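Student: Any chance you can model this:
(one chain, ligands or ions: 1)
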Amino acid sequence: MKEPTFRTAPAPGAFEPANFRPVNFASDNVTGVAPEIMEAIAEANAPQGAWPYGNDDVTGGLSGRFSELFDTEARVYPVATGTAANALCLSLIAQPFNTVYCLKHGHTYEDEGGAPEFYTNGAKLVPVPAADGKMTAAALEAAIVDVGGGGARLPHVMEAAAVSIAQVNECGTVYSVDEIRDICAVARANGLFVHLDGARFANAVAALGCEPAELTWRAGIDLMSFGATKNGAMAAEAVVLFNDDLEDTLSQRRMRGGHLFSKMRFLSAQLARYIQDGLWLQLAANANAMAERLSAGLAEIDDVTIDYPVDANMIFATIPGDTAERLRDSGFEFYDWGDPDRPNIRLVCAFNTDADDVDRFVEAARR
Ligand SMILES: *Cc1c(COP(=O)(O)O)cnc(C)c1O
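Tutor: So this is what the prediction gives:
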């Protein structure tokens with residue numbers, strides 16, 4: 001069989017399907033929807049309809065399903081974006097005059113256009129220094145003393161109320177259960193709530209092979225953003241509460257934030273199928289395995305440096321000058337990352353990333 005040739009984008013009018021097969025490693029949201037989830041959406045599409053605004057049976061059963069998954073009573077509120085989930089979570093644990101500790105390269109801090117500040121009506125995000133993309137308990141402790149003034153200078157300083165960490169984090173590394181537990185212990189000792197941004201939570205659970213409970217409420221997490229979109233759903237994320245005290249205002253806040261879907265059942269059906277029969281972990285396992293294969297291949301190439309441990313499905317690599325351009329000419333897509341002097345790229349593998357495409361990328365990078 002003739003090898004297809006690649007190019008980044010077809011010239012207008014020159015599209016030749018047989019000849020064009022771009023492979024996009026930019027993110028895990030460039031992919032489509034897992035067939036199982038698509039089927040669940042079709043199933044929810046019953047001709048007789050269902051009650052709106054989450055008063056349908058699938059949504060009604062969702063908290064029960066998540067409670068089983070997390071081995072505790074969990075309350076689940078579907079939303080359509082991870083940004084909404086994060087911002088809603090933070091609005092429950094931080095008042096307008098509070099601070100929330102996070103990381104500078106965190107999604108809440110860098111990538112949400114002020115949604116956390118908007119939903120909390122002005123709470124301040126305070127970045128804590130990171131190591132390999134992670135917050136450490138020691139760095140958090142230092143930041144609390146440093147910025148909060150220990151509460152002694154109220155009402156002049158903004159008092160710390162919460163901590164927000166991402167799992168998988170934005171450098172592609174994964175917190176161990178112990179690391180999360182240590183962060184939560186510092187938070188608890190200082191009266192702070194802990195939020196987990198789990199846009200890629202499945203990838204972390206699949207990587208660690210632990211129970212979801214160990215990584216969350218048993219370690220001290222109060223509430224989380226549970227992601228599904230990047231791992232095979234169409235547009236389904238959820239706020240998951242482990243701490244009952246936080247539930248009071250969430251349904252009003254979700255409505256006010258424009259995320260009470262009238263056809264909620266289509267989000268709920270995705271989430272229900274996603275966690276059924278371990279589908280979410282199977283999908284994540286492929287993404288993680290492909291990232292491992294890709295980083296192992298790249299690591300063997302002279303002049304290529306893998307910048308962070310590849311714990312899950314994301315790879316950050318420093319590559320020689322013209323390599324990125326060559327790869328793009330060969331039909332591969334990915335994001336440039338970091339500063340322009342240091343040609344970093346980010347590669348993300350997804351639930352349906354194909355081993356042949358990974359191998360072809362490594363081959364093209366080696367040339
Ligand atoms: C993608 C992502 C989100 C959510 O992003 P949306 O585009 O709003 O769905 C949140 N946190 C992290 C770490 C992410 O990578």
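Student: For the chain, give me the ranges with low pLDDT.
Tutor: Scanning the chain for pLDDT under 70 picks out 1-22, 146-152, 339-343.
Student: which other residues reach the lengthiest strand in the chain?
Tutor: Secondary structure of the chain read by DSSP state E shows that its longest strand is strand 159-166. For strand 159-166, the surrounding residues in contact (Cβ atoms under 8 Å, 6 or more residues apart in numbering) are 86, 89-90, 93-95, 97-103, 106-108, 123, 125-126, 134-135, 140, 144, 147-148, 151, 175, 180, 183, 187, 190, 192-200. The C-beta positions use only the backbone N, C-alpha and C, and glycine is treated the same way.
Student: Which among these count as buried?
Tutor: When neighbours are counted using 16 or more other Cβ atoms under 10 Å, those contain these buried positions: 86, 89-90, 93-94, 97-103, 106-108, 123, 125-126, 134-135, 140, 144, 147-148, 175, 180, 183, 187, 190, 192-200.
Student: Mind checking which of those land in strands?
Tutor: Using DSSP E, the subset of those located in strands is 98-103, 125-126, 134-135, 193-198.
Student: So which of those reach the ligand?
Tutor: Among these, proximity to the ligand is found for Asp197 (Cβ under 6 Å from any ligand atom).
Student: out of the ones in strands among the buried ones among the contacts of strand 159-166, what pair is the most spread apart?
Tutor: For those, the maximum inter-member distance is 23.1 Å, found between Asn98 and Lys134 (Cβ to Cβ).
Student: quick one: contacts for the residue in the chain that the ligand sits nearest to?
Tutor: When distances are taken as Cβ to the nearest ligand atom, the chain approaches the ligand most closely through Gly82, which lies 2.2 Å from it. Contacts of Gly82 were listed using Cβ under 8 Å, 6+ apart, and they are His107, Asp197, Ala199, Ser225, Gly227, Thr229, Glu237.
Student: Same question for Thr136.
Tutor: Applying Cβ under 8 Å, 6+ apart, we find Thr136 in contact with Glu179, Asp182, Ile183.
Student: Return the member of those nearest to Ala115.
Tutor: For the contacts of Thr136, the closest approach to Ala115 (Cβ to Cβ) belongs to Ile183, at 23.0 Å.
Student: ok, for that closest one, nearest residue in space, not its chain neighbours?
Tutor: With sequence-adjacent residues excluded and distances taken as Cβ to Cβ, 6 or more residues apart in numbering, Ile183 is closest to Ala137, at 5.0 Å.
Student: Could you double-check that the one you found lies in contact with Ala189?
Tutor: No - with contact defined as Cβ atoms under 8 Å, Ala137 and Ala189 do not form a contacting pair (10.0 Å).
Student: quick one: which of those two has more around it?
Tutor: For the pair Ala137 and Ala189, the greater number of neighbours falls to Ala137 (17 against 10), based on other Cβ atoms under 10 Å.
Student: Using CSV, write down the CA coordinates of the strand or helix carrying Ala289.
Tutor: Assessed by DSSP states H and E, Ala289 sits inside helix 279-299. Once non-C-alpha atoms are left out, helix 279-299 reads as follows in CSV (Å, rounded to 0.1, in the frame of the first residue of the first chain):
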residue,chain,number,x,y,z
LEU,A,279,-15.6,2.9,30.4
TRP,A,280,-14.0,6.2,31.6
LEU,A,281,-10.9,4.3,32.8
GLN,A,282,-10.6,2.2,29.6
LEU,A,283,-10.7,5.3,27.5
ALA,A,284,-8.1,7.0,29.7
ALA,A,285,-5.9,4.0,29.7
ASN,A,286,-5.5,4.2,25.9
ALA,A,287,-4.6,7.9,26.1
ASN,A,288,-2.0,7.2,28.8
ALA,A,289,-0.5,4.2,27.0
MET,A,290,-0.2,6.2,23.7
ALA,A,291,1.5,9.1,25.6
GLU,A,292,3.9,6.6,27.1
ARG,A,293,4.7,5.2,23.7
LEU,A,294,5.1,8.6,22.2
SER,A,295,7.4,9.9,24.9
ALA,A,296,9.5,6.8,24.9
GLY,A,297,10.0,7.1,21.1
LEU,A,298,10.8,10.8,21.3
ALA,A,299,13.2,10.3,24.3
